[in-house]
Structure formats: C-alpha cells, structure tokens
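*Asks:* Requesting a structural model of the entry that follows:
(3 chains)
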Amino acid sequence: MNVRRLSVDPLAAARRLLGAVLVGRGVSAVVVEVEAYGGPDHGSWPDPASHSYRGPTGRNSVMFGPAGRLYTYRSHGIHICANVVCATDGVAGAVLLRAAKVESGLPVAQRRRGDSVRPVALARGPGNLCSALGITMDDNGIDLFARMSPIRIVLGEQQSVVEGPRVGVSKAADRPWRFCLTGRPEVSLYRRSPRAPAPGESD
DNA sequence: GGTAAGATCAGC
DNA sequence: CTGATCTTACCT
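*Replies:* Numbering: from 1, shown residues only, chains lettered A, B, ... in the order given. A predicted model of the protein is given here:
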C-alpha cells in the first residue's frame, strides 16, 4: 500500500506528494506545490514554523499520528488549509498542500470558487485548494488512503521538482522546504511573509 | 476570562 | 498594504 511511502521525513514526503492525485467531493486534482513542516525542537526535524513545534495540542494532534491522515486547520478565521501527515505514529510531520491542477469535476470546482476565477487558479493557494475540493474542518483526521474516505489521495511517480523558501511563515522563513513541479502554471507566486525577519537574519 | 497572532486571500 | 473573521494557545 502506498501509504508506507509517506512514513518518511517531511522533505522526502513532500517530494513524493508532488504529482499525486487528490480526489475530493466531485473534483480530482494533481498536486503541483507543497511545503514540508517538521516538529518539536528535540525531535528529528525541529521546525519553529510548524504547528507541532510546541508539542501536541488539541488542534495539532493529528500531526503526531500515523502517516496518510489529513490534517486541516483554519487560517486567519477564514480559510481551511490541508496537510498530509507523514513520518511514523507518534512523530510530528506533515506536508501542506499549496496548489493543484484540477483534472476532473471542473464545473464543480468553478461553482465553489466563483465564475470570475480562471481555471488555472481554481486550486492555487492552500485556502483556495480546499475550497475547490470541498475540504472542511470536519475532514480533519480522516485517512486519505481508505476507500470509504470522502477525500482520498493516490501517489504517483517521482517528478522533476523545484525547491524554494516556504510562503507565509514568519519563522524559519529561509528554509528551502517548498517544492513545486517544474513548469506548472498552477503554482502560486512566492511571497515572503511581511512578518518574517529580513532574509539571512536569525529569528 | 482576556487577548494577540496567525502555514490566507482579494481588493484597493 | 489592508481588512475580513475566528480559533487556539498562552497569559493573568
């Protein structure tokens, strides 16, 4: 089963998730942009920008669970963002799904996102991706590899990948933990967080 | 019990 | 650059 390919560190898992097909509520889409997130300071991948950095809490508990689960959270009170949990059970690690290319169910995605949105931008950005696929907070913790799940994922082959700094994070902003498929127009434009210290500064 | 910050997005 | 909008986590 494919899920074992995600029982690895967040960086390897991120690369393996590029090209995967995400199937959710009438829409399927190919993942074209992701970001890796680690865990607490004394773990294998210390990551101050990760929700799990300060240990398990009510919100982030899914990140500490087994690989292949969906970890959703609400961002700025408005949007939902989706992660695929990686690493082994008890170890925090996840990959944020940042952008995807809608392959089927385009009219459904278009209805969810609004008529003014161009097809290439339907699932561009983590909040928009969840909106296009119909992912909500009720989906937090579901198994993305179970036949019965409303949201599923199918891993693909290794692909040609570009790496760069993560978007939006105010800590560890220089870390090249963002990965994109090369030459995909659905990838979101890079924007450094206005709250992040200047490039090269420590935080 | 109060509150500040936030892995975002769209519109000036 | 800003406002929208709300949950969590941490503080007193």
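
*Asks:* three-state assignment of A:E35?
*Replies:* strand (DSSP: H, G, I helix; E, B strand; the rest coil).

*Asks:* and it, what does it touch?
*Replies:* Going by C-beta atoms under 8 Å, 6 or more residues apart in numbering, A:E35 touches A:14, A:95-96, A:98, A:166-167, A:177-179. The way it works is simple: take the backbone N, C-alpha and C, and place the C-beta from them, glycine included.

*Asks:* Looking at those, which are in helices?
*Replies:* A:A14 (DSSP state H).

*Asks:* Just confirm A:G65 contacts A:D89, I think it does.
*Replies:* Yes: counting by C-beta atoms under 8 Å, A:G65 does reach A:D89; the two are 6.1 Å apart.

*Asks:* can you list the residues of chain A near DNA strand B?
*Replies:* A:35, A:37, A:49-52, A:60, A:63, A:71, A:74-79, A:81, A:83, A:94, A:96, A:113, A:116-117, A:125-129, A:166-171, A:188, A:193, A:195 (C-beta under 7 Å from any atom of the strand).

*Asks:* ok, the contacts of A:E35 vs A:R4, which is closest?
*Replies:* A:V95 (15.4 Å; C-beta to C-beta).

*Asks:* Point out the residues in chain A that sit beside DNA strand C.
*Replies:* A:54, A:57-60, A:74, A:76-78, A:194.

*Asks:* one more time with 10 Å
*Replies:* Residues of chain A lying close to DNA strand C by C-beta under 10 Å from any atom of the strand are A:51-61, A:73-79, A:127, A:137, A:140, A:191, A:194-195.
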